[in-house]
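Student: Whatever this is, show me its structure:
(chains A and B)
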2 protein chains.
Amino acid sequence: GDSGAMRAAAERHAQLTKPAGSLGVLEELSVKVAGMTGTYAVPAPAVVAVFAADHGVHAQNVSPWPQEVTAAMLANFAGGGAAVNAFAKNNGVDVRVVDVGVATPVEQLDIVHAKVRPGTRDLSRTDALTEDEAHKAIAVGFDLADQLVKDGYRCLLTGDMGIANTTASAALIATFTGATADAVTGRGTGIDDAALAHKTAVVRDALALHAVPATEPLKALQAYGGLEHAALAGYILGAAANRTPVILDGVIAGAAALVAQAFHPAVVDYCVAGHRSAEPGHAVALKQLGLQPLVDLDLRLGEGTGAVLAYPILTCAVRALAEMATFEDAGITS
Amino acid sequence: GDSGAMRAAAERHAQLTKPAGSLGVLEELSVKVAGMTGTYAVPAPAVVAVFAADHGVHAQNVSPWPQEVTAAMLANFAGGGAAVNAFAKNNGVDVRVVDVGVATPVEQLDIVHAKVRPGTRDLSRTDALTEDEAHKAIAVGFDLADQLVKDGYRCLLTGDMGIANTTASAALIATFTGATADAVTGRGTGIDDAALAHKTAVVRDALALHAVPATEPLKALQAYGGLEHAALAGYILGAAANRTPVILDGVIAGAAALVAQAFHPAVVDYCVAGHRSAEPGHAVALKQLGLQPLVDLDLRLGEGTGAVLAYPILTCAVRALAEMATFEDAGITS
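Tutor: Next comes the predicted model:
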């Protein structure tokens, strides 16, 4: 971030018609956004990019849902029937759905078609992606962020869809934080104790098989995928390269942000944590990223719902900084 | 709330295209709102009523701000320069400012004029209000809620302004919860340790002086005021009488909601806690009300800022219930 802009924003906050610090976390947030953009402009319009892909590790029974649900949900997004559509309509956020690696054919849908391959390979047996595939998926996200900023969007939100993607997320979060498989593996869309123990063992064995060091983000993407994680990492890097705030959704985005951070630590200056997911790895990821979530309401849906829910909180914070009267304007002396 | 409508809403949630329970707190919230209104309609448009009044206990040096700041801030609200104006503009919420008892003349402002008296008497010495004054202030809030619903508003938010109003709030919260003065007295707009100790002693002595039982809400308003607390209690009762959701702001609204609850316990079925204030009495009040705050970002400004910040979260929750596709619509089977 631009430290001069941040200093000026903090000084302006001290002059606004409110007790010092009384907007709590929103004051730091607005100062951080001023550091990203160099202005007090409200970051609008906003768009949520929902990156969708499938996972070879689905073959290991880590999810109760059939893989075809990824494609079925893409049709639901395209038709406007999912939670992210309802939230986005409510909060004035546009939705772009991106096929970066769905296993089922979805050519018929009116979405962004950027399939790198139809799902990753099984991370419990082999590398999920080749180096070339990982690079291509990163570029899908980076280029989309670039294009969205060119199209006039001033706030980019992350979304994701992919049956079994909490498994890849757990492996990535463990890689970059040093946490154990137990600490970062969760129930995803909702599995029982036995299924959770099995899923945790899959993550633990995969970490031992690949043994990627925390300094090797590209190798981590090759080892574990997913294609949406790679695209999200590129999208986050692209937002930062354009000095544009990016609101992270839940655990998938948290894992992708750790990848992006490993590539370029300064990208975190452009990240806002929309919410804290109920998935345990998310809190571990947020701690490593140094981000405090704006909303904490036990959501565990993904799609970008937590990011979209948080968007008006971010714009309220910036609008207060931009538009409030100063004590001098209002003729108030303490 | 309407238990049939709540049951139907919960059943609908189970059929929507998302894992069961994955919208966390928002699912219960939307079911609660369905119980209030008997429909799935998004509660819009919304309005925040900012009730303003002064407090005789200001004479006891419980606040670092001069009493005239209440009137100056009303001018700021009327001019659109306060935090609540910025948040309300951002979130599409209308603002109504109500003078229910400001000490300084404010006739020149384009606001709702309903002054019952120019500030309360000093609660540390005598009753803050007569029975008649308390009734009149309650009626100001109740009648405004009625009128706002007639005007077409479908969600009522609470706001407040009044130098020294956290002192009256502390006394009310202690009365209805049985908590000690220490547990419910806070730094308000920001006071140091010595000033906090003094303010706490003022609250403790006032509780001993008046000794109002928790079953006597009218006597509590007479003893402690404030005029805005009485109006807010009436406003909350009026919203409930109109089966209209009311989003509570911070500690002032929490104290007023305890008064309303003591009059009619069922009003809490129509209340949503917008946020949790940094003021310690607020958490005590929310616990007694049985409400979970939607936002918890260390705000301690009042004005309605926390309620306005939470409004899009409520509408997202209801919109998801109203507009999402079912698994049957989307052709998805688990």
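Student: quick one: contacts for A:Asp143?
Tutor: A:234, A:238 (CB atoms under 8 Å, 6 or more residues apart in numbering or on different chains). Heads up, the C-betas are built off the backbone N, CA and C, glycines and all.
Student: Any figure for the gap between it and chain B?
Tutor: 30 Å (CB to the nearest CB, to the nearest Å).
Student: For that residue, pull up the helix or strand it's in.
Tutor: Assigned by DSSP states H and E, A:Asp143 falls within helix A:131-150.
Student: Output the contacting helices and strands for the following helix or strand past that helix.
Tutor: Note on helix A:131-150: by DSSP H and E, the next helix or strand toward the C-terminus is strand A:155-161. Under the contact definition 3 or more CB pairs under 8 Å, 6 or more residues apart in numbering or on different chains; DSSP states H and E, strand A:155-161 sits against strand A:46-53, helix A:68-79, helix A:131-150, helix A:227-241, strand A:246-248, helix A:251-263, helix A:305-323.
Student: quick one on the thing from earlier: return the set of buried residues in the helix holding A:Asp143.
Tutor: For helix A:131-150, a neighbour-count test (16 or more other CB atoms under 10 Å in any protein chain shown) marks A:133-142, A:144-146, A:148-149 as buried.
Student: now that helix, how far from the centre of its chain.
Tutor: 15 Å (CA atoms, centre = their mean, to the nearest Å).
Student: For chain B, see how far away the residue nearest in space to the middle of chain A is.
Tutor: When CA atoms, centre = their mean is applied to chain A, the residue found nearest the centroid is A:Ala253 (2.8 Å). As judged by CB to the nearest CB, A:Ala253 and chain B stand 16 Å apart.
Student: same check, this time on A:Arg121
Tutor: From A:Arg121 to chain B the distance is 26 Å (CB to the nearest CB).
Student: can you check A:Val284 too?
Tutor: 19 Å.
Student: repeat for A:Ala201
Tutor: 22 Å.
Student: Spatially nearest residue to that residue (excluding sequence neighbours)?
Tutor: Of all residues not flanking A:Ala201 in the chain, A:Ala181 sits nearest, at 7.7 Å (CB to CB, 6 or more residues apart in numbering or on different chains).
Student: so the one you found makes contact with A:Ala170?
Tutor: Yes. The pair A:Ala181 / A:Ala170 is scored as a contact, 6.7 Å apart, by CB atoms under 8 Å.
Student: Neighbours of A:Pro105, how many?
Tutor: 11 (other CB atoms under 10 Å in any protein chain shown).
Student: Secondary structure element holding it?
Tutor: Using DSSP H and E, no helix or strand contains A:Pro105.
Student: same thing with A:Thr175?
Tutor: helix A:165-177.
Student: and A:Asp99, that one's in a strand?
Tutor: Yes. According to DSSP: H, G, I helix; E, B strand; the rest coil, the state of A:Asp99 is that of a strand.
Student: thought it was touching A:Pro105?
Tutor: No. With contact defined as CB under 8 Å, A:Asp99 does not count as touching A:Pro105 (9.5 Å).
Student: Would you mind giving the secondary structure of the residue in the stretch 51-200 of chain A that chain B sits nearest to?
Tutor: Nearest residue of the stretch 51-200 of chain A to chain B (CB to the nearest CB) works out as A:Gly81 at 2.9 Å. Following three-state DSSP, the label given to A:Gly81 is coil.
Student: Now it: closest residue in space, sequence neighbours ignored.
Tutor: Closest to A:Gly81 by CB to CB, 6+ apart is B:Ala325, at 2.9 Å.
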